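> what follows is a protein structure lacking sequence information:
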């Protein structure tokens, strides 16, 4: 599964290479792309809150492309840095939260759907946190069913297909339910992986109150 993900990601980056080259020639900085991705995600959240799912999905897709391109651009220009990785990773969390808040507002009259959206949001954050904390302890944690690209892809597909409904149930609600389940499955997969790896290591002192390791986690900026 991990090998297949890496092959898909490698193919996708090669496909975007001409666009990366164009952005590089225009002199746009990686941080500017990161901030653009955040602004587009916030705009998408507003559109989603108002029920404009199709336009919201397109805006979110463009914002996601910015998130992919900023890392490639940083490596292309030799500008990859810990500061950039921290900014990228942190703003990714803000972007994800904003989109789910938009969905929460849209479903404000449906408690069951709000619960599903809340579970999908918290599951997504816990998935990211589990990897960040593991990497803060120097344990590789690129495991699990759903990483951020897969979560975004599913969400965008759900938004695009939202108008299609059968017996009052739409694909967006089904995909949100799937995200609510699989993000927690991924979190527990990562917990099991880290605990297994930690048991294989020699005991060493660890500060349980150590700050979160989210700064460099899962960042496309890391060299």
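Done, it's in. Keep in mind it's a predicted model, so treat the numbers as computed, not measured.
> can you give me the helices for the chain?
2-15, 17-25, 30-49, 53-76, 82-106, 111-136, 148-160, 171-199 (DSSP state H).
> output those as CSV; include the columns distance to residue 142.
Using the backbone N, CA and C atoms, a C-beta is placed for each residue, glycine as well. Formatted as CSV, the helices of the chain follow (distance: least, C-beta to C-beta, whole Å):
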stretch, distance to residue 142
helix 2-15, 6
helix 17-25, 23
helix 30-49, 21
helix 53-76, 15
helix 82-106, 14
helix 111-136, 7
helix 148-160, 12
helix 171-199, 9
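> these into JSON lines, with extra columns for mean pLDDT?
Formatted as JSON lines, the helices of the chain follow (pLDDT from 0 to 100):
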{"stretch": "helix 2-15", "mean pLDDT": "61"}
{"stretch": "helix 17-25", "mean pLDDT": "72"}
{"stretch": "helix 30-49", "mean pLDDT": "92"}
{"stretch": "helix 53-76", "mean pLDDT": "86"}
{"stretch": "helix 82-106", "mean pLDDT": "91"}
{"stretch": "helix 111-136", "mean pLDDT": "95"}
{"stretch": "helix 148-160", "mean pLDDT": "92"}
{"stretch": "helix 171-199", "mean pLDDT": "94"}
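> any chance of those helices in a markdown table, with mean neighbour count too?
Output for the helices of the chain, formatted as a markdown table (neighbours: other C-beta atoms under 10 Å):
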| stretch | mean neighbour count |
| --- | --- |
| helix 2-15 | 11 |
| helix 17-25 | 14 |
| helix 30-49 | 21 |
| helix 53-76 | 21 |
| helix 82-106 | 20 |
| helix 111-136 | 19 |
| helix 148-160 | 19 |
| helix 171-199 | 18 |
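> dump the residue contacts of the residue nearest to the spatial centre of the chain.
Taking C-alpha atoms, centre = their mean as the criterion, residue 148 is the residue nearest the geometric centre of the chain, at 3.0 Å. The contact partners of residue 148, by C-beta atoms under 8 Å, 6 or more residues apart in numbering, come to 92, 96, 124, 128, 218.
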